[in-house]
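**Q** Would you be able to build a 3D model of this:
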Amino acid sequence: MDLDRKCIDSLKGIGILGVVLVHYGLNTSNELLGGIVANGARGVQLLFIVNGFLIFNSLDKLELTKENVTAWWKKKFLRLIPMYYFFTILSVLLLDAPGEYWLGPLPRVSWLNVLCNLLFIHGFFPYYTNSINANWFMGVLGIFYILAPFLYKIINSLEKSLIAVLVTASAGYILRWGLLGAEVLEEASIWNDYVNIISFPAELPIILLGILAYYIYKEISKKDIKNKTALSYAMTFFSVFCMLSLFMRKDYFVIFNNIFSFGVLFMLLLTAQLIHPMKLIRNALFGFIGKHSYGVYLSHLIIMKYVKQVMTGLGDKWYLMITGYLATLVLALLAAVTAEKIIEERLQKIIEK
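**A** Model prediction:
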């Protein structure tokens, strides 16, 4: 199945723009703009959906023998590890008390915390999950990469992918209701975020939506649809309209919670753009940002610290906040491109040896 890589990159670009936006934070009294900023965090769910789609697309081309799966794991983790290790260690060295809130009662980031992050197992420990460089995303992604070949064997059709989404979303909603009532952690707010957002079980239904999008598009690509443009525009309009309602905190489209609602809409948007892309979404700017979104995600919090130090001294005008956001984004892109050229290629060779 041929994919429009520029379309995929553009959607990743939109996702990372939202992530940087919510982390930077822009104060505004406008209801719509405030809703967009607050929901910038949902860009992570868009990235998970795109990853779910791409991982199943890559596995579709693979004969699932033990040797092939091992080689596939090696390839995927070799892509993740070099820059992930570099920016994780850099974050611990440069940021004062990185992720202090997420540490809860822990006094500091320990070497055990760092080691768990480097081994992609920090997602199993709530106080480690997000206490270094917003690495919870990498924890979820690492677990998904390990499980992906097994999921591919089980979820091998459109019908099964739909069943998987419906079952996990419903079961997850019930499970969260029970877990949130349990006093598991000393810090209730961290436990709430862990159960609802920053753990693998919380994001599994979102990843499965990406897998569902893969099978939907696979079926559509087999058919001769005469009105692809009209279908794409209708799906895009519907998803964007419902997103606007969520930005403005209207209950026009809510399934379970805000995160899953955005996930369904992102699934529709991804499918629509693959059927027939719109220039407003698929363009060179979003595509370039999306192509380097991995490095931007890993570097932007470190860069943001220093940008904010400079911008805070200049005042709190709205145009200064926008300037700070754009400066963070540009510098993170520069860091991402540089890291890809210098760090990723060299460390991959070292790790392979």
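**Q** Was I right to think Ile146 contacts Trp73?
**A** Yes: checked against CB atoms under 8 Å, the pair Ile146 and Trp73 is within contact range at 7.3 Å. Just so you know, the C-beta spots here come from the backbone N, C-alpha and C atoms, and that holds for glycine as well.
**Q** Torsion angles phi and psi at the residue of the chain most remote from its centre?
**A** No residue in the chain sits farther from the centre than Lys226, which is 33.4 Å out by CA atoms, centre = their mean. Dihedral pair for Lys226: phi -80, psi -30, per degrees, to the nearest 10.
**Q** from now on call the first residue 6
**A** Happy to do that; since the first residue is 6 now, the last one works out to Lys231.
**Q** From Lys223, how far out is it?
**A** For Lys231, the distance to Lys223 equals 19 Å [CB to CB, to the nearest Å].
**Q** for the residue farthest from the centre of the chain, what are its contacts?
**A** By CB atoms under 8 Å, 6 or more residues apart in numbering, Lys231 lies in contact with nothing.
**Q** any idea of the mean pLDDT for the host helix or strand of Tyr311?
**A** In the assignment (DSSP states H and E), Tyr311 maps to helix 298-317. The average pLDDT for helix 298-317 rounds to 92.
**Q** Going along the chain, name the strands of the stretch 6-155 of the chain.
**A** Counting by DSSP state E, counting those that start in this stretch, no segments of the stretch 6-155 of the chain form strands.
**Q** Run through it and note the low-pLDDT ranges.
**A** Residues of the stretch 6-155 of the chain that meet the criterion pLDDT under 70 lie in 6, 101-104.
**Q** so where do the helices sit in it?
**A** Ranges of helices in the stretch 6-155 of the chain, per DSSP state H, counting those that start in this stretch, are 10-29, 36-43, 48-64, 71-99, 116-123, 131-134, 141-159.
**Q** a markdown table for those helices, including mean neighbour count and distance to Phe242?
**A** Shown next, in a markdown table, are the helices of the stretch 6-155 of the chain (neighbours: other CB atoms under 10 Å; distance: least, CB to CB, whole Å):
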| stretch | mean neighbour count | distance to Phe242 |
| --- | --- | --- |
| helix 10-29 | 22 | 16 |
| helix 36-43 | 16 | 17 |
| helix 48-64 | 23 | 18 |
| helix 71-99 | 16 | 35 |
| helix 116-123 | 17 | 41 |
| helix 131-134 | 24 | 37 |
| helix 141-159 | 19 | 30 |
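**Q** Since that was my last question, I'll sign off now.
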